[in-house]
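Novice: What follows is a protein structure lacking sequence information:
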């Protein structure tokens, strides 16, 4: 009987799924390159994103949150996603300098969608905030709608970019 109990205990332990802990965000360095264009992120203003992939030692960085969300909504991925972080623009020093360590978990952020602001690569940006009241203040100034990441429409991040659209670059 003891052998059966021991076998059952070992079997249960073997079946237990290992839950990988999400890695911490990585500070943005002057050498960080944007995943899609391989351009230096420090040369572009606006909020940034980083995605951590299972088995990868460094995150994928994105010069625009719009681009990061496009990657997340894309069916093709390099590996399982273990964490997603975005710049908290509520505490960013400025639009031009969005900060190097003010990362927040993307799934808990409030995103302003449809504001008349250009991100680091010139396309309309999706702007993240940790504090929903900061998002509301931003909307009063630049327009848009506050949404959780799960409700950002695909058309907002995968749709064509209107290069004739005149967008503001916040101070």
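Specialist: Perfect, I can see it now. Predicted model, so just to flag it, every value in this text is computed and none were measured.
Novice: drop to CA atoms for contacts and neighbour counts, all remaining ones
Specialist: Noted.
Novice: Can you check what pLDDT the model gives the spatially closest residue to residue 45 that is not a sequence neighbour?
Specialist: Excluding the flanking residues, the one nearest residue 45 by C-alpha to C-alpha, 6 or more residues apart in numbering is residue 96, at 4.1 Å. pLDDT recorded at residue 96 is 93.
Novice: Same question for residue 134.
Specialist: Looking at residue 134, the pLDDT reads 98.
Novice: So what's the residue count around it?
Specialist: 16 (other C-alpha atoms under 10 Å).
Novice: Surely it forms part of a helix?
Specialist: Yes: remark: residue 134 belongs to a helix, assigned using DSSP: H, G, I helix; E, B strand; the rest coil.
Novice: mind listing the helices for this structure?
Specialist: Assigned by DSSP state H, the helices in the chain fall at 2-15, 65-73, 132-142, 154-158.
Novice: Give me the contacts around the last one.
Specialist: Think helix 154-158. Applying C-alpha atoms under 8 Å, 6 or more residues apart in numbering, the external contacts of helix 154-158 come out as 66, 67, 69, 70, 73, 113, 114.
Novice: and whichever strand in the chain runs longest, what does it pack onto?
Specialist: Identified as the longest strand of the chain according to DSSP state E is strand 81-87. Secondary-structure packing of strand 81-87 (3 or more C-alpha pairs under 8 Å, 6 or more residues apart in numbering; DSSP states H and E): strand 49-53, strand 103-105, strand 127-129.
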